[in-house]
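Engineer: Using only what follows, build the 3D model:
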Amino acid sequence: MIESDQGILLSEVKKHNEKSDAWVVIDGQVYDITSFIYDHPGGSDILVEHLGEDISDVFVDGQLHEHSLVAYNMLKQYSIGQLAGYRKPTSKPTVLEYIKNQQKLKQEKQKDGADINNNSNNKISYTSDNSIDEKILNSIDVNKAMVPQLKLLEGKNYLKWIHSQTGLNKIIIFDNSILELFTRWPWWYIFILWIPIITACFIYSIIQEKSSVLSSTIIFFTGLFMWSLIEYILHRFIFHLETSSYWGNFFHFFIHGIHHLTPMDHTRLTFPPIFSVLIGYGAYKLFLKFPDTLQITGAPWALYAGIACGYMLYDTFHYYFHHADIEWLPTIFKTIKTNHLNHHFKDDNRNFGVTSPIFDYVFGTI
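Structural biologist: As a prediction, the model looks like this:
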């Protein structure tokens, strides 16, 4: 790195203009985004032509790729220094000032009942509501265990804090190292757990007295479609439950808060194995209660296999959205990925569907 007494030279920044070595400048601050480029919510392609440049104007270009305060704050961890000779502009706002002004306008319009995004929820997005007390922000140390600190986040400040900090690479959940060990798991365990279960249930459905391959296949795909609705309901009404009490915040933190806090942490991306097993077993016991007249058709187990397959695909898609940038995939997958990442970094009150946007369209949350 070449630096002058006043900072990093622009000529040096221009040398770092490839995906494997990517620097950019915003508001006079130099960022090395090499490790982030494939995790960029808008995809890596949109960044390539601007690497090695000052992207201040691009960053606030809503037609190209709109950015929230959350996105701006994420950059802090990639900062490597100040640009030599930088002077704050006097004829226009800085990127930070512009974003805060825009989000303030959005909040005012939402409060007046004139949501410019036509969001049918009539709820203010925590991703864009930045009215959290700075003292509370500074009281939380993200380098220490989170569970003991949850009591410091009273009422709505918990949800505001979760979404204001979105983009942390890793966090510590427990002080206890053994408990902490069980909060991490490889995402691909879902295949080891669910493929045998899905296969066994589908085969079992086929061999029932009044079943057939065709009927089981149709019901399987019905279950697969049903998962999209189950996923939407869970994500919108359970995972984004409005909480303000300590135990409510504690519950939310473990079912979804952790993911919004550290969406790039691949070791905490899928549902914990123990909970997957418990939920799967609970569903198994429930499906056993279907009447014998249905059991002999194999329908309950073809349905179970389809729903379970939907869940497995959900976790697979989810991993791709956060940790892959596959250029040859159809455009629809890239669109769904953008929708999901917008849910994280722009508006947590939209885009609840992960495997499919169908029910976001149906319920007006796209």
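Engineer: Checking the residue nearest to Gln77 when sequence neighbours are not counted next. Helix, strand or coil?
Structural biologist: Once flanking residues are discounted, Gln77 sits nearest to Asn169: 6.8 Å by Cβ to Cβ, 6 or more residues apart in numbering. To be clear about C-beta, it is placed using only N, CA and C from the backbone, and glycine gets the same treatment. Under DSSP: H, G, I helix; E, B strand; the rest coil, the three-state class of Asn169 is coil.
Engineer: which residues touch Asn169?
Structural biologist: 77, 262, 264-265 (Cβ atoms under 8 Å, 6 or more residues apart in numbering).
Engineer: what does stretch 91-100 contact?
Structural biologist: Counting by Cβ under 8 Å, 6+ apart, 26-27, 56, 59-60, 67-69, 72, 88, 101, 130 sit against stretch 91-100.
Engineer: right, I mislabeled it, should have said stretch 276-288
Structural biologist: Everything outside stretch 276-288 that qualifies as a contact, by Cβ under 8 Å, 6+ apart, is 190, 193-194, 197, 270-271, 300-301, 303-304, 307-308.
Engineer: Stretch 155-167 now?
Structural biologist: 69-71, 73-74, 77, 125-127, 129-133, 136-137, 140, 142, 150, 153, 242-244, 249, 252-253, 257, 260-261, 263-264, 344-345, 348.
Engineer: just checking, what's the longest strand in this protein?
Structural biologist: For the chain, the strand with the greatest residue count under DSSP state E is strand 21-26.
Engineer: For the contacts of Asn169, which single residue is the most surrounded?
Structural biologist: Thr262 (22 neighbours; other Cβ atoms under 10 Å).
Engineer: returning to that earlier point: the contacts of stretch 91-100 in helices, which ones?
Structural biologist: Residues of the contacts of stretch 91-100 located in helices (DSSP state H): 56, 59, 69, 72, 101.
Engineer: if I look at the residue in the chain sticking out farthest from the centre, how far off is Gly298?
Structural biologist: For the chain, the residue at maximal distance from the C-alpha centroid (Cα atoms, centre = their mean) is Glu209, at 44.3 Å. Noted for Glu209: a distance of 8 Å to Gly298, by Cβ to Cβ, to the nearest Å.
Engineer: returning to what we had before: need the contacts of stretch 91-100 in TSV with pLDDT, distance to Asp175 and neighbour count, can you?
Structural biologist: Conversion of these to TSV gives the following (pLDDT from 0 to 100; distance: Cβ to Cβ, whole Å; neighbours: other Cβ atoms under 10 Å):
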residue	pLDDT	distance to Asp175	neighbour count
Ile26	96	36	22
Asp27	94	37	19
Ser56	94	41	19
Phe59	92	38	22
Val60	90	41	22
His67	84	35	24
Ser68	80	32	24
Leu69	80	31	19
Tyr72	85	31	19
Lys88	89	42	9
Asn101	88	41	11
Asn130	56	30	19
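Engineer: which of those residues lies closest to His340?
Structural biologist: Checking the contacts of stretch 91-100 against His340 with Cβ to Cβ, the nearest one is Ser68 at 14.9 Å.
Engineer: Could I get the contacting residues of Ile255?
Structural biologist: So Ile255 contacts 238-239 (Cβ under 8 Å, 6+ apart).
Engineer: Use 3 as the first number from now on
Structural biologist: Happy to do that; since the first residue is 3 now, the last one works out to Ile257.
Engineer: Check the spacing between it and Phe277 real quick.
Structural biologist: Taken as Cβ to Cβ, the span from Ile257 to Phe277 is 9 Å.
Engineer: can you check Asn351 too?
Structural biologist: 26 Å.
Engineer: got it, and Ala285?
Structural biologist: 12 Å.
Engineer: do Ile360 as well
Structural biologist: 26 Å.
Engineer: what's stretch 173-182 in contact with?
Structural biologist: For stretch 173-182, using Cβ under 8 Å, 6+ apart, the contacting residues are 144-150, 185, 260, 263-264, 267.
Engineer: Surely Gln84 forms part of a strand?
Structural biologist: Yes - counting by three-state DSSP, Gln84 falls inside a strand.
Engineer: Show me what it bridges to in the sheet.
Structural biologist: In this entry, Gln84 is beta-bridged to Gln31, by DSSP bridges.
Engineer: Quick check: it touching Val15?
Structural biologist: No - the criterion here is Cβ atoms under 8 Å, and Gln84 misses it with Val15 at 11.4 Å.
Engineer: Give me the number of neighbouring residues for Glu182.
Structural biologist: Around Glu182 there are 14 residues (other Cβ under 10 Å).
Engineer: residues of the host helix or strand of it that come out buried?
Structural biologist: Per DSSP states H and E, Glu182 falls inside helix 179-183. The neighbour-count check on helix 179-183 (16 or more other Cβ atoms under 10 Å) flags nothing as buried.
Engineer: right, and the helix or strand after it?
Structural biologist: Counting by DSSP H and E, what follows helix 179-183 is helix 191-208.
Engineer: buried sites along that next one?
Structural biologist: 192, 195-196, 199-200, 203-204, 206-208.
Engineer: same question, stretch 346-361
Structural biologist: For stretch 346-361, by 16+ other Cβ under 10 Å, it's 346-359, 361.
Engineer: what do you get for stretch 30-41?
Structural biologist: Buried residues in stretch 30-41 (16+ other Cβ under 10 Å): 30-36, 38-39, 41.
Engineer: more crowded one of Ala285 and Phe277?
Structural biologist: Ala285 (14 against 11).
Engineer: Let's verify the more buried one: helix, strand, or coil?
Structural biologist: Classified using three-state DSSP, Ala285 is helix.
Engineer: Now do it against Met228, distance only.
Structural biologist: 12 Å.
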